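1. Mind looking at a prediction? Sequence and model below.
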Amino acid sequence: MNKPQGLNLTREQITALDNELLSLLSKRRELSLEVAKSKEVDIRPIRDTQREKELLERLVIAGREKGLDAHFVISLYQSIIEDSVLNQQAFLHGRANPDTQKTQYTIAFLGARGSYSYLAASRYCDRRQVNMIDFGCQSFDDIVNAVESGHADYGFLPIENTSSGSINEVYDVLQHTSLSIVGETTIEVGHCLLAKPGTDLSNIKTVYAHPQPISQCSRYLSQHPEFKLEYCSSSAEAMTKVNDAADNNVAAIGSAEGGSLYQLSAIEEGLANQKINQSRFIVVARKAVEVPSQLPAKTTLIMATGQKPGALVEALLILKAHNLNMSKLESRPIPGTPWEEMFYIDIDGNLANQDVQQSIKELERLTRFIKVLGCYPCETVKPTQLTQSQLLIEPESSKSTETKPLSEVSNSAKYSRQYQPEDSEVMCKQLHIGGAHFAAIQIADLRLDDTALATLAKQSKETGFQALILQHSATAVNELQLKKSIKVIEQAGLVSGYLIEQEADLVTANMVDLLMLTGQQMYNQTILNQLGSLNIPVIIERNNMASVEDWLQAVQTVLEQGNQQVILCDSGVRSFAQPDQIALDLSALVTLKQQSHLPVICNLIQEDCEFKSAKAKAAKQLNVNGIIMSLPCNDTDISLLRELYC
Ligand SMILES: O=C(O)C(=O)C[C@]1(C(=O)O)C=C[C@@H](O)C=C1
């Protein structure tokens, strides 16, 4: 074998080649801007997916001839095209709003340099080739105040994350601001464990992080019970703490990019539960902007429908009638009006569009309050895909061996609508959940004496509950006591259930009518497998730090084992600003109802009293199939239940 050329020489050649690649990419960008200019004149949409398909198809063939595989070529060009589309959008948006064209923007964001908000803001400025002047803030209110008062040109607010859902506090801030949404941007949130260079993982005792990264990395953190978690107001604060620490036994969760600003190294990478972990930010400014018709636009509305039953559904039907897609729906309570809620709706459409204008007019007649928060370019560039047959295009030379088309095997998950389009129903004696059936369930402490339990169970039945789930956090189940309690429940005409908090609790499976798995055990494969082998309904509660994807994965495990009587139960997720508080995740309910045919119920036990009613009613409007409350319930809960049954 010939002696290979020296490493240094090869590396020099690679460096030279990379420089050439960069020059070519830069030239491609310039040409893409030329295309934008001609599209501005011809008024043609920026996106041309037919052109993209032809381009990808041609490149896959050309790449194969040069020894490059199709997947590599496609993912490379999907990134290049995304960059090209976003640059064209930024260019045309700037042209349509000349007063926004400056050489520098003062940007208010959460935390300091290095925080995810900072990274999102600097990326936004980079794309527009403007300098960014930092205006780090301590809270969302401060960000809004900075822009309203003119101290900053733009504010960056995180609105949702692919693993932890909507950021409710930002929606609350939007209720009271005079600012308009003028843009959005999504960044990849690659969580790393950041420490001083040379620090060994085994030395780490304390981890500083913002509550959101903690929730998004819950699986990694559960594998490190030795870490003491310290909450910080931003990832930048977490990094500062590690930088300032005298010892090498502390780490922060943040991005590698942000960490480098604090001289920290990533000692562990890919901490997030989900492979794709992205955060979407909205950009707010004092003046609304116009979006040229060639750009894909989003319009965000805020509205209150009043207490009229079915009003939200009627409002959504207006959008449907105008063929408008709603990409997001969120609900928040209105302070001072405990029975009403404010809805936030993202519509895929331009405010200047006839259908959008007409729907707003029609919505005005139906609502007590409606305001457009802004119309802005949509920055989600859905990558163009090639079909299997296009991907299997073989180079001319190897066409002699025919490629068999891939069989269309359905791999849909059992919980999904692809697997079963219609809503499924779970029936258990007098308890019917799913489809058009709405159910109410209570959770009671097993330590109640039989007389007290009998009185409460009777009240529960009279109030409209159909099932009572017993809970007892003791290490071993007292079977005798349990049997007596179950008898009392059945005598009251209720369905009996047991809350599974540990493996040992599974002994109750042949005593009660149904089981509920606590969210804390949602990742316990042994329990999931055993629940899957049962022939009674099981309610799977979402872990308050788990993503919807993880939750559905747990449900899939149960379904695969055979048990098809599965009910999903959302008990809320940790709140962004107050990690000690649990709040129902309404946007997750929308996603869930779209993705899954299984019945969904909401557990209101941990919900803040102030927001409980508004949240429960919004959940009902989103076609949730039932609720869980604690036993006994108070007068407010009773009247809420009555309203929910209406
Ligand atoms: O050819 C165009 O129309 C372009 O705008 C250029 C380009 C590209 O970068 O290749 C970008 C966006 C379109 O969707 C298609 C192709």
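-> That came through fine.

2. How about the contacts made by Arg332?
-> Asn168, Tyr171, Asp172, Gln175, Glu341, Met342, Tyr344, Ala614 (Cβ atoms under 8 Å, 6 or more residues apart in numbering). Every residue, glycine included, has its C-beta placed from N, CA and C.

3. Make CSV out of those residues and add distance to the ligand and neighbour count.
-> Output for these, formatted as CSV (distance: Cβ to the nearest ligand atom, whole Å; neighbours: other Cβ atoms under 10 Å):
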residue, distance to the ligand, neighbour count
Asn168, 35, 24
Tyr171, 33, 21
Asp172, 37, 16
Gln175, 37, 17
Glu341, 39, 24
Met342, 37, 23
Tyr344, 30, 22
Ala614, 42, 21
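
4. Okay, and which of the residues you listed map to strands?
-> When strands are assigned by DSSP state E, the members of the contacts of Arg332 inside them are Glu341, Met342, Tyr344.

5. Return the member of the residues you listed nearest to Ala152.
-> Minimum distance to Ala152 across the ones in strands among the contacts of Arg332 is 23.1 Å, recorded for Tyr344 (Cβ to Cβ).

6. I'd like to know how many residues surround Leu589.
-> The burial metric for Leu589, expressed as a neighbour count using other Cβ atoms under 10 Å, is 24.

7. any idea which element it lies in?
-> Using DSSP states H and E, the element containing Leu589 is helix 586-595.

8. Which positions in stretch 481-488 come out as buried?
-> Using 16 or more other Cβ atoms under 10 Å as the test for burial, stretch 481-488 gives Leu482, Ser485, Ile486, Val488.

9. how many neighbours does the closest residue to the ligand within the stretch 501-646 of the chain have?
-> Closest contact between the stretch 501-646 of the chain and the ligand, by Cβ to the nearest ligand atom, is at Gln594 (27.2 Å). Using other Cβ under 10 Å, Gln594 is surrounded by 9 other residues.

10. Run through the neighbouring helices and strands of the helix holding Leu589.
-> With contacts defined as 3 or more Cβ pairs under 8 Å, 6 or more residues apart in numbering; DSSP states H and E, the packing partners of helix 586-595 are strand 165-166, strand 325-334, helix 548-560, strand 566-570, strand 600-603, helix 609-621.

11. longest helix of the chain?
-> In the chain, with assignment by DSSP state H, the single longest helix is helix 7-42.

12. From the contact counts, what lies against that one?
-> Of the remaining helices and strands, those touching helix 7-42 by 3+ Cβ pairs under 8 Å, 6+ apart are helix 70-96.

13. now the helix it packs on: mean pLDDT?
-> Averaged across helix 70-96, pLDDT comes to 95.

14. mind saving the C-alpha coords of the helix or strand following it as CSV?
-> Using DSSP H and E, the helix or strand that follows helix 70-96 in sequence is strand 104-110. Taking C-alpha atoms only, strand 104-110 is exported to CSV below (Å, rounded to 0.1, in the frame of the first residue of the first chain):
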residue,chain,number,x,y,z
GLN,A,104,-28.5,48.7,13.9
TYR,A,105,-31.4,47.5,16.1
THR,A,106,-31.6,47.7,19.8
ILE,A,107,-33.1,44.4,20.9
ALA,A,108,-34.7,43.6,24.3
PHE,A,109,-34.4,39.9,25.2
LEU,A,110,-34.5,37.7,28.3
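
15. Can you name the residues of this protein sitting close to the ligand?
-> Selection of the chain residues close to the ligand by Cβ under 6 Å from any ligand atom yields Ser32, Val35, Arg47, Asp48, Arg51, Glu52, Leu55, Ile81, Ser84, Val85.

16. Near the residue lying closest to the third one once chain neighbours are set aside, how many residues? Count them for me, please.
-> With sequence-adjacent residues excluded and distances taken as Cβ to Cβ, 6 or more residues apart in numbering, Arg47 is closest to Val85, at 6.1 Å. When counting by other Cβ under 10 Å, one arrives at 20 neighbours for Val85.

17. Equivalent analysis for the one 4 residues further on, please.
-> Using other Cβ under 10 Å, Gln89 has 25 neighbouring residues.

18. isn't it right up against Ala297?
-> No - between Gln89 and Ala297 there is no contact under Cβ atoms under 8 Å: 10.0 Å.

19. Excluding chain neighbours, what is closest to Gln430?
-> Spatial nearest neighbour of Gln430, excluding adjacent residues (Cβ to Cβ, 6+ apart): Gln466 at 5.7 Å.

20. Show me which residues of stretch 519-534 are buried.
-> Counting neighbours by 16+ other Cβ under 10 Å, one finds that the buried residues in stretch 519-534 are Gly519, Gln521, Met522, Tyr523, Asn524, Ile527, Leu528, Gln530, Leu531, Gly532, Leu534.

21. which one is the residue of the stretch 301-450 of the chain found nearest the ligand nearest to, not counting chain neighbours?
-> Scanning the stretch 301-450 of the chain for the residue nearest the ligand gives Thr384, at 7.7 Å (criterion: Cβ to the nearest ligand atom). Sequence neighbours aside, Glu52 is the residue nearest to Thr384 in space, at 4.1 Å (criterion: Cβ to Cβ, 6+ apart).

22. so who does Tyr208 touch?
-> For Tyr208, the contacting residues are Glu230, Cys232, Glu237, Ala238, Met239, Lys241, Val242, Val250, Ala251, Ala252, Ile253, taking Cβ under 8 Å, 6+ apart as the criterion.

23. Local confidence estimate at it?
-> According to the per-residue confidence, Tyr208 scores 96 in pLDDT.

24. same deal with Pro579?
-> According to the model's per-residue confidence, Pro579 sits at a pLDDT of 59.

25. Need the contact partners of the helix holding Leu589.
-> Contacting residues not belonging to helix 586-595 are listed as 160, 165-166, 328-331, 415-417, 542, 548, 552, 568, 570, 573, 600, 602, 615, 618-619, 622-624 [Cβ under 8 Å, 6+ apart].

26. Likewise for stretch 123-132?
-> 86-87, 90, 94, 102-105, 107, 121-122, 156, 183, 185, 187, 283.

27. Ala251 is in contact with Leu194, isn't it?
-> Yes - Ala251 sits in contact with Leu194 when judged by Cβ under 8 Å, with a separation of 6.1 Å.

28. Show me what the mean pLDDT comes to for stretch 442-453.
-> Stretch 442-453 comes out at a mean pLDDT of 87.

29. quick one: contacts of it?
-> 456-457, 460, 465, 467-472, 478, 481-482, 484-485, 488-489, 499, 516, 605, 628-631, 633.

30. Now, of the residues of the chain next to the ligand, which are buried?
-> Ser32, Arg47, Glu52, Ile81, Ser84, Val85.
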